[in-house]
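A.B. asks: predicted structure and sequence below. I'll ask about it afterward.
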Amino acid sequence: MSDLLNEMPPIPEPTAGITEEEKKFNEIAELSKNGYLLLKDNHIDEAENAFRKILDIEQQNNYALVGLGDAARKRNRFRDAVEYYTECLEFHPGNNYALFGLADCYKALNQYNKAIEIWEQYLQHDDRNITVLTRVADAYRKIRDFRQSKVLYLRVLDMEENNPYALIGLGHLHYDFKEYRDALYYWQKMLEMNEDSIDIRVLTSIGNCHRKLKTFEQGIYYFQRALEMDDDNFYALFGLADCYRGMNQQFRSVEYWNKILQKDPNNKVILTRAGDAYRNMGDYEMAQDYYQRALDIEFDVYAVLGLAMISKIQGRYDEAATSLTRLIQSDPKNYRLYLELSECYVNTGDRQKAIQCLQDFQRLGIRNQLINEMLDKLKG
């Protein structure tokens, strides 16, 4: 069944008649009605049979082609669906149901520019369809056209105040463009509208805004609310761990990193985060264990960096410098590696080599305040 307004295309009711043309009309109408009802109930095979019978009676019938497109879309066979919708539009230009289905297929195939083009055609016939306007705004967001996406979301809010899809879209849009305070405004509106039945994703999104704004204590409140709804929610656990990390409460952060690892023991990113937490707590043996577990999965810059930092803390500067030099070869634009390597050279008494290391970074043409400050200090 077509998704458009959650309705099937309007099918003419059969009328009594005796001519061959009227019999054909009645048969097509009955098959169409049955086909869409079967599709609605997810009896896809039977629905397809009904639509194919229509095509045997009348090639290029618009109800049958849209129905077959909708059936293919329900099976997630989007390329097949595109063919049916396109064929329908060749013989029935401007068919709203074919346009809607075709655009949704392109969206599912991540071909957002094509989806936008089709939805714009649809809006020529119905420029106040909120469902389509929010889909077009979503597509513009996916291709990072901030201005056009925001215009369409706000247009929807002008038509329907507090439309949840527009508010959610605006929240994601501003978050994607690092405008966290604006994102927070829209997510908070969603919370105010649905305080008693809030979606857990709204809570974690608000928490993430606070995490990015470094208002960690406020973020913790929302992540904890999310955990009350689902105590295994990855985003809530990650958010809490990262907030506690930001507050330098490593003993709390490692508690939540480990909760994630209980469910996902081979998550390389979380293993290195937990390793960092143990290192900052001074538990170097445990930190080394976590870094090595990450490296056993595959090479990881941050795991090697963590091990190098432990070597440096323990006074094994040459060993740390060797690791850091290799890391720079694989990640030459990571300024932190140059800072750490330069400090190793300072500690071994090779001031000139420390200066040379920082100048190597500057030659990449990347401006970095911390690099400049350390270089000035060494030269001074």
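C.D. replies: Received, thanks.
A.B. asks: C-alpha only now, for contacts and for neighbours.
C.D. replies: Noted.
A.B. asks: let me see the domain layout of this structure.
C.D. replies: For the chain, automatic domain parsing gives the domain ranges 1-110, 128-197.
A.B. asks: low-confidence ranges in this protein?
C.D. replies: Low-confidence segments of the chain (pLDDT under 70): 1-18.
A.B. asks: for it, which helix is longest?
C.D. replies: Longest helix in the chain by number of residues (criterion: DSSP state H): helix 20-40.
A.B. asks: for that helix, buried residues please.
C.D. replies: 25-26, 28-36, 38-40 (16 or more other C-alpha atoms under 10 Å).
A.B. asks: just the residues you listed now: which is nearest residue 152?
C.D. replies: Sorting the buried residues of helix 20-40 by how near they are to residue 152, with C-alpha to C-alpha, puts residue 40 at the top with 30.3 Å.
A.B. asks: and the closest one, how far from residue 125?
C.D. replies: Using C-alpha to C-alpha, to the nearest Å, residue 40 is found at 26 Å from residue 125.
A.B. asks: what of residue 154?
C.D. replies: 20 Å.
A.B. asks: give me the more crowded residue out of these two.
C.D. replies: Counting neighbours by other C-alpha atoms under 10 Å for residue 154 and for residue 125 shows that residue 154 has the greater number, 18 against 12.
A.B. asks: does the more buried one really touch residue 166, like I thought?
C.D. replies: Yes - counting by C-alpha atoms under 8 Å, residue 166 is a contact partner of residue 154 at 7.4 Å.
A.B. asks: return the residues in contact with the nearest residue to residue 142 once chain neighbours are set aside.
C.D. replies: Setting aside the residues directly before and after it, residue 142 is nearest to residue 112 in space (C-alpha to C-alpha, 6 or more residues apart in numbering), at 7.1 Å. Residue 112 makes contacts with 106, 139-140, 142-143, as judged by C-alpha atoms under 8 Å, 6 or more residues apart in numbering.
A.B. asks: select only the buried ones of those in PyMOL?
C.D. replies: Those of the contacts of residue 112 that count as buried under 16+ other C-alpha under 10 Å are selected in PyMOL with:
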select buried, resi 106+139+140+142
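A.B. asks: which one of the contacts of residue 112 is nearest to residue 248?
C.D. replies: Nearest to residue 248, judged by C-alpha to C-alpha, of those is residue 142 at 34.9 Å.
A.B. asks: next, give phi and psi for the closest one.
C.D. replies: Note on residue 142: backbone dihedrals following degrees, to the nearest 10 are phi -60, psi -30.
A.B. asks: quick thing: my sequence starts at 54, can you match it?
C.D. replies: Got it, the first residue is 54 from now on, which makes the last one we talked about residue 195.
A.B. asks: ok so, going back, now distance to residue 308 too, for the buried residues of helix 73-93, in a markdown table please.
C.D. replies: Listed next are the buried residues of helix 73-93 as a markdown table, based on distance: C-alpha to C-alpha, whole Å:
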| residue | distance to residue 308 |
| --- | --- |
| 78 | 69 |
| 79 | 68 |
| 81 | 64 |
| 82 | 63 |
| 83 | 62 |
| 84 | 60 |
| 85 | 58 |
| 86 | 57 |
| 87 | 56 |
| 88 | 54 |
| 89 | 52 |
| 91 | 51 |
| 92 | 48 |
| 93 | 47 |
